[in-house]
Each structure stands twice: as structure tokens, then as C-alpha cells.
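>>> Okay, sequence plus prediction incoming.
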Amino acid sequence: MTRRVWRFVMMIALVVFLAASLFVNFKRQAATAKILAVDVKTSSWAAAQLEVDFLQLQNALEVYQSDPATWNALWLRFELLWSRLNVLEVGSETEKFRELEESRKVLKRLKALLTNMDADFQGAEQGGRALLMSRMSDIKTQMADLYPAIRSLHMASYTNQTRLEHLENIGQLERLTLWLLLALMAAGFALVYMVIRESQHNRRLAMHDPMTGLANRIYFNVWLKRLAETAEANNNQVALHVIDLNGFKAINDAYGHAIGDEFLLAMAGRLKHFEHYDQKVARLGGDEFAVIQGAVTDLTKVEGLAMAIYETLLQPLTIKGIRFNPKASVGVCLYPRDAETTHQTLLNADIAMYRAKSMTTHVCVFDHSLVAEQDRYKTLAHALDQAIESNALELHFQPLLDLKNGEVVGAEALIRWKHATLGQIPPQEIVSIAERSGLAETFNQWVLLRACQQGRRWFDEGYSLSINVNISPAMYTKYDLVASVDNVLKLTGFPAAYLTLEVTEDTTMRELEHTPDLMERLCQLGVKLALDDFGTGYSSLSHLKSLPVSRLKIDKSFVWDLDQTGHQSSFISTMVQLAQGLNIMVVAEGIETEAHYNALRSLGCDYGQGYFFSRPVRASVFDQLLIASEQGGLIPSLVNTP
Amino acid sequence: VNIVKCLFFGLCILLISLRAMAIDFGVITLEGQGAEPVQITMEQIQAMPATEFESYTPWTEGKTHFKGIRLQTLMEHLGVTGDVIRVKALNQYHADIAWKELAEYPVIFAYEMDGEPMSIREKGPYWLMFPMTDYPELNVPKYHISMVWQVAAIEVL
């Protein structure tokens, strides 16, 4: 701010200086011109002419005295001296002459002399020349008396102090003018310099993101176009890497914008290392960055750079004592291979980046199948909002049986959505669409509410069923899950102890590491937690130890492998033993045959679910299952046994 | 009566002689054009169309009325073909003038100032006068030095 004020003041000062020096210079020049015109020409010239005319009259008198025939010449000289006197007495040209000391006195004496001589000359002109002759010596004496004064006046006009000062002034003025011109030139240069600097500064501001100092979107577009043109000319490719920092909003929300900004700065700093002459880094906005990789001939180098970016950003960092594990998704698109325009290149890179978010290694290079995926996503994201509103979504329930006695002890709520044109949408996709389109909270709330409402209905009918609900990972980090659950429980009056939230190992567990107290708070509500797909993800036994898990669901792949080798059974029995040791109930998923059922039962598995008993069904069908189960009807072998 | 006659005769002679003097100085001599100098008298000049204007000058007080013959007219009358003329004064002052360049200005050889003929004392009988008030661009030193008074001769260069 002060810099701005300073610059502004400097500019104003320069302009004022320019104006002032111009004005002064103008005035000085005018003064010089006047001095030159008036002083030199008039006072000196006039004084000289006076002396000449005076001497010529004296001379003519001498000549006339010896030769009276020269009367006409004498008379002309007399008239010319008169004329000179008149010239000196009147007018602006001889003003400076009249300012000379003594000049008035001399002119007065001259006039008196000429007036005195006038009568004699007029008389002589009329023929009385004898009189003039008789007066001649008198006239000559008077003129001789006056001559020294005229001579010294002429001298004074040349040597007098004012005139010398004037001449000196002219010299000084010339030097001053020179300096003024130099100063003007300097001021001019300074102004030009400042204007250039200012415009460079403005250009920089317009082209760069003020916070990170990286190129902004405008500059990014310029560079993308430039490198794209170069690529076309050289017959190679430009790779555009679009980078999104996952979970940045959560950092902002949890720690405030100051920390958020520092986090962004740190990430920008890491990205800056990827900048060199044909590689440009830009901030596209928010937590989205881009790296343009020019002159690409080798596609492995593109993947190499994408991975390098990804891995660099993933390095943990500490800001003000807070430890962060940054996450990023990188989407890559090649121009001209994957897109016809640079604009399309950016759109495609974005698509790839969104795809990357749902991949284990968050790096995705664009291919055209992603466009179809993207179109499908757009259609579904739009439809999902309306589907939730209009209850076009449905919950199906799959019974959970006690393997010892075949009793239905619970139900897993599973989402079902039949889209008008695209048909059945897989649950996984519904969840990811909800998360990407910002509908996660609404969607999960809907699922929770519907599940608890149904649970409450069965409860009222005398069936104390535990209801298992799958919650999407985003709910644990981005939204207030505890408040959501609490709210639904209060709304439906469903007992918390019967609600089980299923936590997926690979996705949810990692989110939970950052918010360890969340599980505690859920448990305080009385809600139970089940560890889903156990044994497939990045399972860690420490999760079992540190988290308040009350159920462990063995993944169906272990169950299906039971048929082939006896090897798998020892896996399952180990898991069961481990769970029992920790006082955790074990649920087997994917029981499809009687053999599965028998094997798991003998291995000591507590609960089971699978097509052998029932596929997920509507609540109304589930009611019949409940009735059937009271007669042991869900287990075919039990039905056949009276 | 004789005395009266004598006085009358004397006055006549005086007038004639004065007139003769005046005519002497009222002649402009044209030199350099052909072998012999040509003379033009005040009568001849006054017989031609006159031009008048008022102007301030650095040598007079207040606005002064000038009447005279236009430079252009005189040059054409005298059949001057040369571009530059040297205007000479009784006191041997002279100035060189490219008269054709002044065609658009009514520059005159003034013979009357404020309605009176001009004596030598009053810069007469002819004063080359530029209309400086009507044409301020003429009010510059370059033309100031060209405004020759007491004009006696013109030499075609």
C-alpha cells in the first residue's frame, strides 16, 4: 500500500516537475529573446547612429564653411540629425536607450542645440546664409561641447553594467536551459521507466495467482495454447496433468483458512519443482493445479511425470505442529492424441482426474472410454437427486442368520436403484456418484432413515432385528455423521443398540485414522460397528485392537474358496479364533451352498448371510422370510428335517 | 505697394524653392534595372492608387495611420523583374527585401502619416511600412529591419 502511495506521489512529482520546468524554460526563453532583441539591437545601435549622425553634421559644417555650394548636403545632415533625435525620443525600440544613465540629459541638450540652430538653418535655407556663416564658429563650439557626452553615451551603451549583466544572463540562461533539458529528459526517462515497470507489474498480477505465485488460469491457457502449437509444429504431444488435492476442504474446515492457505502454499512449492523450460505449472483455482508437459515423444515419460507429481505431493508434512498426509488425484490428457482443442484437453484431463479419485493409485491417463463413463456419471448424478426426492430409490434387505439355530437375527440394508434408461445401477456406483456430486449427505441420510424406519416397524411387530447399514466413506470425513445418526435415531425411535454401521476396510479405515474420536462418539450413541469385507483390504490387526468393532464380516471370497481346498478353512478358523479372543462376533458373507453353511457352522462362525438363505429382498418379502424362519424355513436342510 | 509686391515676390520664390527642395527629396531613383537609373516623382507616385492602414510601430506612440503606394504596385509600375530589391535611405541605411514573397501583404511606401506628408525629420518622404497590427506575423525583427525610412533609392539586385 505504502509502495503504491509512494509510486503515485513520484508520478505526480515528475509530472509537476515536467510542467514547472517547461513553464520556467518558456519564460526564460522569452526573457532571452527580449534581451537579445531589445538590448543588443536598440541601445547600442541607437547610440552608435546618434554619434554617426552627429559627426556627419559636424563634418558637413566644416565642408560647407569652405565650400558654400554643399548647402544641400549640410541641410540634409541637419535634417537627418533631427530625425535621429525624434527616433530616440519616441517608440518602444529605443526604450532601452532612454533607460541609459545620462541619455535623457544628452537628448535634452541635443534638442536645445538643434532648436537653437533651427532658426539659423531656416534662415539660410531662405537665402540668409551670411547669418549662418557668422554663427558658424559659435555652432561648432556648441557642438564640440556636446560631442563628448554623445561619445560617452555610445560607450556606456556598450560597457554599462546592466547591459553586461544582461549578456551574462543570456549565458546563464543558455546553461540553465541545457540543464533543464537534461532534467526534462531524465524525468521523461523516469516516467517511461515507471510506466513500463507498472505495466509489467500489472501484467504479472494479471497472469499469476497472487497467493502461490504460480501462473493463473489465464496464463495457463496462454501456455497450453503455445505448447500445443509447438507440439503440432514438431509433430509431438503435450501432456496436461490436472491435479486435485483430495480432502482439502476438510483441512480448511477443520483448521481454518490460514492453515489451509499454508497447506496450499506447501503443495504449490512442491509443484514448482516440476517447472522448467517446456514444463509449466499453474493453479487453476481452489485446490486444483495443472502441469503442462511440452514436447512429449515418449508416453512412458508422461506416466513417469504423473507418478512423480503424485508421489511428491503424497509426502507427509507438518504445519504449525499439525501433521498432514496430503492426498492428490492426477488426471492426464494428451494433445493432440486425446483431444481436438486445448479446451477439450482440459475437460478430458478433468474427467481423468475424477476417475483417478476412485482408483487405488490416484493417477489416471485419459482414454475415450472415460468419456462414456463421464456421460453416464452426468446422467446419473442428475437423476439421483430426483430419485432421492421422489423415493425412486429402494432399500432391499438380506437376512442375517444365527448359524447355530437358523434364526434371523438381522438384516443388511442394501440400496437398489433402477434407472429408467440405464437399468439397475450397482450400489458401489450409486455411492460414488453421490459422493462426487455432493449428494453424499442427503443420500446417506435417506438410507439411514429408511433402514431405521423399517427396523422400527419390525421391532414394533416383535422382531428384534439388528439393521446393518453401509455408510459411504465421505460421511466420516466431510459431514457430521454422529449428528446424522443421532438425528435419525431420535426421529424413528429405533434403538441405537440394534443399528450397526458397516465400515469398509480399505476406504473407510484410512479416513478414520484422521478422526479417531469419531468411532468413540458413535459408540457413545450406542451404535455398533462392523468391519466389512475383512481380509481383502489393507487390513491391519491393529484396527481390530484400536477400534470399537463388535462384528467382523469375513469376505465372501474366503467362503467361496472353501470348496476347493481345505487350506481356506484354516484361514477362516484362525479369523474366528482371533475374533472370539477379542470378543467380536464373526459373520460370514456369501454363503451360497449347503456345504458352505455346514463348513462355517462347524468352524464356529456365529452368523451368516448369502443366497443359500435368501438374496436381498423388499421389506414386504422380508416379512414372509421372518415368518418362514420361525419354522426354520430359511435353511433348506432344516426344512426337510422334521 | 512696392514693399508688398516685393514681399509677395519673395514669398513666391520661397515657396518655389521649398517646393524645389521637396521635389528633390521626393524622388525615388531606381537603379540596377537596365543601364540608366530611372526616377519616379512624388506626383507620379501619388497619381497611382493609394493604400491605407493603421498600425502600431516600435518607433511611434499609439496607432498611426499610414497612406502610400503599395510595394507591389510600384514594382509592377517600374517593371521590376528581379526577386530581391535593396531599399536605400538618405542616411545610407539599406535593407534587402524579397518583395515577391510579400505579395499577400499590403506593404506600402508610405508618404502620408496621420494625414500629413512626412518631412525628413519625421522619417519622410517615404517610409516602407508593413501592416504589423493587421498581420502580427510581420511584427518580428526580420521585418523591423526592413522597414526603411527616408527612402531615396531602390536597387534591383
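Received it, and whenever you're ready, just let me know what you need.
>>> The residue nearest to A:L541 when sequence neighbours are not counted sits in which helix or strand?
Excluding the flanking residues, the one nearest A:L541 by Cβ to Cβ, 6 or more residues apart in numbering or on different chains is A:L578, at 7.7 Å. Glycine gets a C-beta too; all of them are placed from N, C-alpha and C. According to DSSP states H and E, A:L578 maps onto helix A:567-581.
>>> my read: A:Y219 touches A:M207, true?
Yes. Checked against Cβ atoms under 8 Å, the pair A:Y219 and A:M207 is within contact range at 3.9 Å.
>>> which one of these two has more residues nearby?
Set A:Y219 next to A:M207 and count neighbours by other Cβ atoms under 10 Å in any protein chain shown: A:Y219 wins out with 19 against 16.
>>> Identify the residue nearest the geometric centre of the chain.
Because you didn't say which chain, this covers chain A. A:D209 (2.9 Å; Cα atoms, centre = their mean).
>>> my question was about chain B
Note: chain B centre (Cα atoms, centre = their mean) maps to B:Y126, 2.2 Å.
>>> what sits up against the helix holding A:L578?
Here helix A:567-581 makes contact (Cβ atoms under 8 Å, 6 or more residues apart in numbering or on different chains) with A:534-535, A:541, A:544, A:552, A:554, A:558-559, A:561-562, A:585-586, A:588, A:599-600, A:603-605.
>>> run the last query once more with 6 Å
Taking contacts as Cβ atoms under 6 Å, 6 or more residues apart in numbering or on different chains, the residues outside helix A:567-581 that touch it are A:552, A:554, A:558, A:561-562, A:586, A:603-605.
>>> From those, pick the one nearest B:A47.
A:L552 (140.7 Å; Cβ to Cβ).
>>> element containing that closest one, please.
Secondary structure (DSSP H and E) places A:L552 in strand A:551-554.
>>> Could you spell out the sheet neighbours of that strand, each with its direction?
Strand A:551-554 has its sheet partners listed here by DSSP bridges as strand A:528-534 (parallel), strand A:585-588 (parallel).
>>> Please identify the buried residues of the last one?
I take that to be strand A:585-588. When burial is assessed from 16 or more other Cβ atoms under 10 Å in any protein chain shown, strand A:585-588 yields the following buried residues: A:585-588.
>>> Contact partners for B:H65?
By Cβ under 6 Å, 6+ apart, the contact set of B:H65 is B:54, B:114.
>>> per-residue confidence at it?
Per-residue pLDDT puts B:H65 at 95.
>>> So what sits opposite it in the bridge?
On the basis of DSSP bridges, B:H65 is bridged to B:E54.
>>> still on that earlier bit, what about the residue nearest to A:L541, distance to A:R551?
13 Å (Cβ to Cβ, to the nearest Å).
>>> Give me the contacts around stretch A:176-191.
Outside stretch A:176-191, the residues that reach it (Cβ under 6 Å, 6+ apart) are A:14, A:17-18, A:21, A:25.
>>> Out of those, the closest to B:E36 would be?
A:N25 (56.4 Å).
>>> Next, count neighbours for the closest one.
Residues near A:N25, counting by other Cβ under 10 Å: 18.
>>> count of residues packed around B:A47?
B:A47, neighbours per other Cβ under 10 Å, totals 10.
>>> Then B:M147?
Counted with other Cβ under 10 Å, B:M147 comes out at 21.
>>> Grab the nearest non-local neighbour of it.
Counting by Cβ to Cβ, 6+ apart, B:M147 lies nearest to B:L128, which is 5.5 Å off, once chain neighbours are set aside.
>>> ok so, going back, you'd agree the residue nearest to the centre of chain A is up against A:R283?
Yes. Between A:D209 and A:R283 there is a contact at 4.4 Å, judged by Cβ atoms under 6 Å.
>>> which residues are in contact with both of the two?
Joint contacts of A:D209 and A:R283 (Cβ under 6 Å, 6+ apart) do not exist.
>>> so which strand or helix has residue 72?
Just going to use chain A. helix A:71-89.
>>> You answered for a different chain; I wanted chain B.
helix B:71-78.
>>> what's in contact with that helix?
B:30, B:99, B:103, B:107.
>>> buried residues in that helix?
Using 16+ other Cβ under 10 Å as the test for burial, helix B:71-78 gives B:71-75, B:78.
>>> Give the rounded mean pLDDT of it.
Mean predicted confidence for helix B:71-78 is 90.
>>> Which residues of chain B lie near chain A?
B:14, B:58-61, B:91, B:120-121, B:141 (Cβ under 6 Å from any Cβ of the partner chain).
>>> For the residues you listed, give me TSV that also has secondary structure, pLDDT and neighbour count.
Putting these into TSV (DSSP: H, G, I helix; E, B strand; the rest coil; pLDDT from 0 to 100; neighbours: other Cβ atoms under 10 Å in any protein chain shown) gives the following:
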residue	secondary structure	pLDDT	neighbour count
B:L14	helix	52	13
B:P58	coil	89	17
B:W59	coil	90	19
B:T60	coil	91	19
B:E61	coil	90	11
B:N91	coil	88	22
B:I120	coil	91	19
B:R121	coil	90	18
B:P141	helix	83	13
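>>> just checking, next helix/strand downstream of the strand or helix carrying A:F443?
Per DSSP H and E: A:F443 is located in helix A:440-460. The helix or strand immediately downstream of helix A:440-460 is strand A:466-470, counting by DSSP H and E.
>>> Just confirm A:L499 contacts A:V527, I think it does.
Yes. The criterion here is Cβ under 6 Å, and A:L499 meets it with A:V527 at 5.1 Å.
>>> Across the sheet, point out what pairs with A:L499.
Applying DSSP bridges to A:L499 yields these beta-bridge partners: A:I467.
>>> Run a quick neighbour tally on it.
Counted with other Cβ under 10 Å, A:L499 comes out at 24.
>>> which residues of chain B fall in helices?
B:2-25, B:42-47, B:71-78, B:141-144 (DSSP state H).
>>> Kindly report which one of those carries the lowest mean pLDDT.
helix B:2-25 (a mean of 54).
>>> What score does the residue nearest to the centre of chain B have for pLDDT?
For B:Y126, the pLDDT comes out at 94.
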